[in-house]
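**Q** mind looking at a prediction? Sequence and model below.
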Amino acid sequence: MTRDPGRGGSLRGGLVLLAKLVVSAGLIAFVLSRISLTEITATMESPRWGYLLLALAVYGLSAVGGAVQWSWILRAAGITAPGREIRRIYFIGLFFNNFLPANVGGDAWKIIDLGRQQQRRLGVFCATLLDRLIGLGALALLAVVMLLAASLAGIPLPAISLVMLPVLALLGGVIALLLSRRLGVLLDAVLRRLRLPGLADQVARITGELALYRRRVRWLQGVFLFSVLVQGLRMATHLVVAWGLGFVLDVSQMVQLLVLIPLLAVSLTLPVTINGIGLRESISANLLVWAGLAAPQAVAMEVAAYLVQVVFSLQGGILLWVGRWSRKESPGTGTSVVP
């Protein structure tokens, strides 16, 4: 009797999804056991809609910047899709990030869709991987800079904030490993010595594709500085949301939040819950209180910031629906119609 590998994969995926649902539900229950839902909603009773709309605009600007950054990396790899198509796929990716029960749903969509169009799935994968690593590195650098500023100004922060130092070093090391020819050769030798030839072959293909970026040091520096700006806008979104909820923040609190929110964002990359639900609220309630916020305020701020992202990403769902409708109206073309 042969085993159906597809069925096994579906079962495994279903069990992983169920486990994430249980973890999300458990964390939400834990938060609500310490903070009542009434306390959280009370902090949202008098929203300042002007600030909340500004937060949506700031996040939207960061999303456009993210699409531009991804397009630059794609073009450096020789992927010449029109800019409008790249933006369309990027915004659909944002939609999937918020509405698919997986932490990398949006990236998977971008790789599959654009990779199919360009017949360069590996190239799109490597560009997306580099884009994600640069973004996380820029976020970590921002946190470390603000951490140093807080230290010089005598602004208190929890010891866990120091985690951002090894996170920045780790991300820098991973980027160096992927782009360095010598380190790539060394990694290949180590994997083959460990009798992992299949993995070694996959790594060799990836490092071979990333070699397209190897000599473009100044260009990579420019992309990284641009990414710092993009990540700065995303962090600013949280501060504007806080103002939109009526919170009064002094300079010290803003400095603290610009260290703690990146730490929260890095923790949300752990694929243990459904789109960070539960993890976001539980960490916020324990971490952001260091910035002088009450636990209900911290949770409300992060939930509202998440809702700002969700509202903006809805346009990706519209683009996806319009694209599918257009393809149905244009049978036999073999290509999608860009709205």
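**A** Looks like it came in fine.
**Q** what lies in contact with stretch 274-285?
**A** Outside stretch 274-285, the residues that touch it by C-beta atoms under 8 Å, 6 or more residues apart in numbering are 17, 20-21, 23-28, 30-31, 34-35, 97-98, 100-103, 264, 267-268, 270, 272-273, 295, 298-299, 301-303, 306. Heads up, the C-betas are built off the backbone N, CA and C, glycines and all.
**Q** ends of it, how far apart?
**A** Stretch 274-285 has an end-to-end distance of 18 Å (criterion: C-alpha to C-alpha, to the nearest Å).
**Q** the helices in this protein, which residues?
**A** Here the chain has its helices, by DSSP state H, at 5-34, 37-42, 49-76, 83-99, 105-118, 121-153, 164-179, 181-193, 197-210, 217-244, 251-267, 279-287, 295-329.
**Q** any chance of those helices in CSV, with mean pLDDT and mean neighbour count too?
**A** Output for the helices of the chain, formatted as CSV (pLDDT from 0 to 100; neighbours: other C-beta atoms under 10 Å):
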stretch, mean pLDDT, mean neighbour count
helix 5-34, 77, 13
helix 37-42, 88, 13
helix 49-76, 96, 18
helix 83-99, 91, 20
helix 105-118, 89, 19
helix 121-153, 95, 20
helix 164-179, 92, 16
helix 181-193, 86, 14
helix 197-210, 88, 16
helix 217-244, 96, 19
helix 251-267, 95, 21
helix 279-287, 90, 21
helix 295-329, 86, 18
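**Q** please name the nearest non-neighbouring residue to A304.
**A** V241 (4.9 Å; C-beta to C-beta, 6 or more residues apart in numbering).
**Q** right, and the one you found touches Y306 too?
**A** No: the pair V241 / Y306 is not scored as a contact, 9.4 Å apart, by C-beta atoms under 8 Å.
**Q** overlap in contacts of the two?
**A** With C-beta under 8 Å, 6+ apart, V241 and Y306 have no common neighbours.
**Q** put the alpha carbons of stretch 209-220 into CSV.
**A** Provided in CSV are the C-alpha atoms of stretch 209-220 (Å, rounded to 0.1, in the frame of the first residue of the first chain):
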residue,chain,number,x,y,z
GLU,A,209,21.5,33.6,-7.8
LEU,A,210,22.5,36.0,-5.0
ALA,A,211,25.9,36.4,-6.7
LEU,A,212,24.1,39.0,-8.9
TYR,A,213,24.2,41.4,-6.0
ARG,A,214,27.7,40.6,-4.7
ARG,A,215,29.6,43.4,-6.4
ARG,A,216,27.0,46.1,-5.9
VAL,A,217,28.2,47.2,-2.5
ARG,A,218,27.3,50.9,-2.8
TRP,A,219,23.9,50.0,-4.3
LEU,A,220,23.2,47.6,-1.4
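**Q** next one: it to chain centre, how far?
**A** For stretch 209-220, the separation from the chain centroid amounts to 22 Å (computed by C-alpha atoms, centre = their mean, to the nearest Å).
**Q** got it, and stretch 29-49?
**A** Offset of stretch 29-49 from its chain centre (C-alpha atoms, centre = their mean): 25 Å.
**Q** CA atoms only for stretch 174-192 - export them in CSV, please.
**A** Extracted in CSV, the C-alpha atoms of stretch 174-192 (Å, rounded to 0.1, in the frame of the first residue of the first chain):
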residue,chain,number,x,y,z
VAL,A,174,23.2,36.0,7.4
ILE,A,175,23.3,38.6,4.6
ALA,A,176,27.1,38.3,4.6
LEU,A,177,26.9,34.5,4.4
LEU,A,178,24.5,34.6,1.5
LEU,A,179,26.4,37.2,-0.5
SER,A,180,30.0,36.2,0.2
ARG,A,181,31.5,33.8,-2.3
ARG,A,182,34.1,32.4,0.2
LEU,A,183,31.5,31.9,3.0
GLY,A,184,29.2,30.2,0.4
VAL,A,185,32.0,27.8,-0.6
LEU,A,186,32.7,27.1,3.0
LEU,A,187,29.0,26.4,3.8
ASP,A,188,28.8,24.1,0.8
ALA,A,189,31.8,22.1,2.0
VAL,A,190,30.4,21.8,5.5
LEU,A,191,27.0,20.6,4.3
ARG,A,192,28.6,18.0,2.0
